[in-house]
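Q: Just need the structure, nothing else, for what follows:
(2 chains)
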Amino acid sequence: MGWALPRLAVKAEEYVRATGQFAARGVQEKTVAAFDEDEVTLAADAGARALAAARLDPGALRGLNMASVGAQAGAATTVALALGAGAAHAVDYRGGGPPLGAAVAAACETAEATGHPVLVVASDALRGPVDDPAEHGLGAAGAALLVTKSAPVQLVGSAFASGAALETGRVSSDGLVRSWVGDDPSAPALRLALTRLAAEGFEAGSFDSLCGPERPGPLVAMHAPEPVDPAALPAAVAVRTGDTGAASAALSLLSALEKAGGGAQVLLADAEGASAAALALKCAARPAGSDGFLGAVSEPRTHLAWHAYLGHRRYLPDPGPTRTVSEGAYLSAAQWEETLEVRLGLLMSRCRGCGGVRHPPAEACPECGAPDGELFRGRPAGTVHAVTRIGRGGAPSEFAAQQALTGEYAVAVVDLDDGGRTVAQVTGADPRTVRIGDHVTLHVRRLFEQEGRVRYGLKALPARKD
Amino acid sequence: MARRVFLVAAGSTRYGESPVGVREMVREAVGACFGSADKGLDGRLVREAFVGSLGFGGGQIGNLAAALNDLAALRLVSARRVENACASGGFALRDAVMAVKAGASDMALAVGVERMNDQPATRRRYWLGVSGDTEWERMAGLTFPGVYALMAARHMHDFGTTPEDLAAVAVKNHAFGALNPKAQFRRPVTAEAALASPMVASPFTVYDCCSTTDGAAAVVVASEEAARAVTDSPVEVRASAGSSDHLAAHERASLTRLDATVRAGRDAFAQAGAAPADIDVAELHDCFTIAEILALEDLGFADKGAGGSFTREGQSALGGQVAVNTSGGLKAKGHPLGATGVGQAYELFRQLRQEAEAGRQAAGAELALAHNVGGSGATCVVHIFAR
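A: Just a heads-up that it's a prediction; the model follows:
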């Protein structure tokens, strides 16, 4: 398993200070995706963590199922490219159905049938109108579950339920979450799914842990057909993260697994829109990568003041239309898509003649001319060779909006650990603290929007200096 | 035996904010150029013309060179635009020299022109990035100052170059610009003011960066025989050498050395049978202060890493080892992208004929060098001129 939690957060008291109210009861603070983060980048970071914990070559993945309420079509493919799993069958599981529940059930079927692993990633960074109470509790996180045929956690039972046909989910066509008119339709669906699972011999009382979405209270406890034992509920996560959408149930599972003993029977419930899933899991042992999660949740975060919160959430109006239409020095959308695997997957070439390494890969070596360099996926890590901080007015127009909202940013030339050199914007650290010689890892992040689409690229994340 | 080639006439607009467009600037510069000929110049003898221009703003990207037909004398001339970003002008001059050497024409015209300040700020920002690498540098959030700033940051790390060393370049060039009626910026600046100005891309402040400039310059090159009919004091083009390197700074072998400059410089000195110590006056491509320091090193005026101390010790001032950027350089005279390379030839033509204003004339200058770079070092052309 793996997770990704943003470094930024905003406190409930900051909401109250700025707007006079905070409607998400029980949430003390919630995680905030930075300007250059979103459900795609969180899913990629969580997936990378899970693959590293399992020491699995991403090329071995048969499928990548991305569960996300708010993601755009094609998000799973972008995440697959970022993880180096370009050959995997990437599928989006979006709102309407229970994204995580459906993704996990499908992954189990595929892993069982083919014997090959499937990676499930679940992430959201939902946004809403600032004046709508539904926005208050919306946080951000990513989670990942690596599903294999002989994993320590096995699926032993499942039940699904769907409600009224016209329900389209929480996310409106403009991508924003709004308050339900009437009751949350996932409640009756969840109750029905749990009842059906009980009918198969998995009553609520038979589970050592009851995991499910926190919105922000535990939905399982709120909507189970019979009262549940509070001791069976895992340590609450949403109190520090807010409502993390499709990731929420997975984070609840991570919380439970950190305390669960061997042989535990765990319920994983999920509900979204008018659909729900209830999965019964048997845990022979703790899966790799599930340690340390609760510590990561309670790690101190950088707390944002209100204006910075609005900026990072992209709630502030675009300062000008220039960033959406390029007027020169332009990479067409087609050219961007063609090079996406090279960029996000950090594809490199090693010359068969002189051994020179290059990114992007070179067909013929520019140094010695030898043809057919060996193609490989470089480790996304390196050392800062040179760095500069771009001040106001020094940014290309595509980054003008980012700069106006988040101030100066650093750009570094990075000597890659596997050889070769690249250039990348720095993220996740105060630009003034980056020095030549610092070690960085490369992560997929939002660059900018152009012609209606988000462009993703690798940015450099410096190792923490404490 | 290759033909000898001479500069016989040169003209320039004032650099700065032009009230007129590209075509009028070309007319003015070429008119001034033909008018500068000591014994008169029949423009109809110019059969090849090269117009260096990036085409900033996108107003007339195609067929710009045809605008030379606005001048009666150049009607029907064989003309083309030459583009190598900020080295467009220098390469236009190189092509004109090659045309005369090859016998394509006895006289050839090199014009450089750029208008940048008629664009609104947001468009200007876009166009300033077009000479860098789009696919990687721009997508990482770099524009021009950022790329050179990375080079400066590494130079400071490797050789101990200081912000004060960078400021010394700006101070020297603004002092020269104050004496140049063609310069965009006609006021000296102190090191304190330069160091205290706002940061553009660390370590660069505003005073480390050249500004956006409108301007045009023109020179005529001629064979030895054709030159005699135009002037009794022509300036010989002893060397013309060009080179290129990877487009993006991080693709090159070193961030602190422009291999294109090293190569073009070596070739030029070999052609001229000269060494850096022989050069009396030079126009070096100082789009950013670090660029002048790198040029001093890469051309061999100073050892690698010693460009800062060379400047600090006054070796690039009048009376030093070589007078650098007596025009004010790109920093103070200005940098109309395509015009700059031709403007450097205009300046050195006048320096070698002792025609520059008092206070910035290199006394007794006999050998001069012009160094013109495109982008952050993707292209470079070096000329050596002799009295």
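Q: Walking through the stretch 301-450 of chain A, point out its helices one by one.
A: Secondary structure of the stretch 301-450 of chain A, counting by DSSP state H, counting those that start in this stretch: helices at A:306-312, A:333-338, A:340-344, A:400-406.
Q: Nearest to B:Ala85, out of those helices?
A: Closest to B:Ala85 of the helices of the stretch 301-450 of chain A is helix A:333-338 (C-beta to C-beta; 20.7 Å). The way it works is simple: take the backbone N, C-alpha and C, and place the C-beta from them, glycine included.
Q: ok, B:Val219 touching B:Leu93?
A: Yes. Between B:Val219 and B:Leu93 there is a contact at 6.6 Å, judged by C-beta atoms under 8 Å.
Q: what's the overlap in contacts for these two?
A: Applying C-beta atoms under 8 Å, 6 or more residues apart in numbering or on different chains, one finds that B:Val219 and B:Leu93 are jointly contacted by B:Ala110, B:Val342, B:Ala345.
Q: Using TSV, lay out those residues together with distance to B:Asp208, secondary structure and neighbour count.
A: Formatted as TSV, these follow (distance: C-beta to C-beta, whole Å; DSSP: H, G, I helix; E, B strand; the rest coil; neighbours: other C-beta atoms under 10 Å in any protein chain shown):
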residue	distance to B:Asp208	secondary structure	neighbour count
B:Ala110	29	strand	31
B:Val342	25	helix	36
B:Ala345	26	helix	32
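Q: quick one: which of those is nearest chain A?
A: Nearest to chain A among those is B:Val342, at 23.6 Å by C-beta to the nearest C-beta.
Q: Give the other helices and strands that the lowest-mean-pLDDT helix or strand in chain A contacts.
A: The helix or strand of chain A with the poorest confidence is helix A:400-406; it has a mean of 79 (mean pLDDT, DSSP states H and E). Packing contacts for helix A:400-406, counted by 3 or more C-beta pairs under 8 Å, 6 or more residues apart in numbering or on different chains; DSSP states H and E, involve helix A:306-312.
Q: buried set for the helix it packs on?
A: Across helix A:306-312, burial judged by 16 or more other C-beta atoms under 10 Å in any protein chain shown covers A:Ala308, A:Tyr309, A:Leu310, A:Gly311, A:His312.
Q: Which residue is the nearest non-sequential neighbour of the last one?
A: The spatial neighbour of A:His312 that comes closest, neighbours along the chain excluded (C-beta to C-beta, 6 or more residues apart in numbering or on different chains), is A:Phe35 at 4.9 Å.
Q: now swap in the second one and tell me
A: Take A:Tyr309 and drop its neighbours on the chain: the residue closest to it by C-beta to C-beta, 6+ apart is A:Val10, 4.7 Å away.
Q: Distance of the closest residue to A:Asp418 other than its chain neighbours relative to A:Gly345?
A: Leaving aside its chain neighbours, A:Asp418 sits nearest to A:Gly378 (4.1 Å; criterion: C-beta to C-beta, 6+ apart). Look at A:Gly378 and A:Gly345: by C-beta to C-beta, to the nearest Å, they are 9 Å apart.
Q: residue contacts, the residue nearest to A:His312?
A: A:Gly311, A:His312, A:Arg314, A:Gln402, A:Leu405, A:Thr406, A:Arg446.
Q: Just give me the closest of the residues you listed to chain B.
A: Nearest to chain B, judged by C-beta to the nearest C-beta, of those is A:Gln402 at 8.1 Å.
Q: ok, back up a step: how close does the residue nearest to A:His312 get to A:Met348?
A: With C-beta to C-beta as the criterion, A:Phe35 and A:Met348 are 29 Å apart.
Q: do A:Ala88 as well
A: Distance of A:Ala88 to A:Met348, computed by C-beta to C-beta: 21 Å.
Q: shaky segments in the chain?
A: In the absence of a named chain, this looks at chain A. Scanning chain A for pLDDT under 70 picks out the ranges A:95-96, A:164-168, A:318-329, A:393, A:466.
Q: that answer is for a different chain, and I need it for chain B
A: B:1.
Q: And the residue nearest the centre of it?
A: Central residue of chain B (C-alpha atoms, centre = their mean): B:Gly341, 3.4 Å from the mean position.
Q: Tell me if I'm right that that residue and B:Ala370 touch.
A: Yes. Look at B:Gly341 against B:Ala370 with C-beta under 8 Å: they come within range, at 7.2 Å.
Q: Find the residues that touch each one of the two.
A: Counting by C-beta under 8 Å, 6+ apart, the residues touching both B:Gly341 and B:Ala370 are B:Gly90.
Q: show me what contacts A:Ala90?
A: With contact set as C-beta under 8 Å, 6+ apart, A:Ala90 has these partners: A:Gly63, A:Leu64, A:Met66, A:Ala76, A:Thr77, A:Val79, A:Ala80.
Q: So it, which state does it fall into?
A: Under the three-state scheme (DSSP: H, G, I helix; E, B strand; the rest coil), A:Ala90 adopts strand.
Q: re the thing from before, check which element follows the host helix or strand of the residue nearest to A:Tyr309 along the chain.
A: When elements are assigned from DSSP states H and E, A:Val10 belongs to strand A:8-11. Beyond strand A:8-11 in the direction of the C-terminus, DSSP H and E gives the next helix or strand as helix A:12-19.
Q: what pairs with the helix or strand just after that next one, and is each one parallel or antiparallel?
A: With elements assigned by DSSP H and E, the helix or strand that comes after helix A:12-19 is strand A:29-32. Strand A:29-32 sits in its sheet next to strand A:8-11 (antiparallel), going by DSSP bridges.
Q: now the strand it pairs with, how far from the centre of its chain.
A: Remark: strand A:8-11 is offset 17 Å from the chain centroid, using C-alpha atoms, centre = their mean, to the nearest Å.
Q: Equivalent analysis for stretch A:249-259, please.
A: 16 Å.
Q: now swap in stretch B:210-226 and tell me
A: Distance, stretch centre to chain centre, for stretch B:210-226: 10 Å (C-alpha atoms, centre = their mean).
Q: Quick check, A:Leu64 in contact with A:His89.
A: Yes. With contact defined as C-beta under 8 Å, A:Leu64 counts as touching A:His89 (7.3 Å).
Q: between these two, who's got more neighbours?
A: Comparing A:Leu64 with A:His89 by neighbour count (other C-beta atoms under 10 Å in any protein chain shown), the higher total belongs to A:Leu64, at 29 against 15.
Q: Give the bridge partners for that one, please.
A: Bridge pairing for A:Leu64 (DSSP bridges) gives the partners A:Ala90, A:Leu119.
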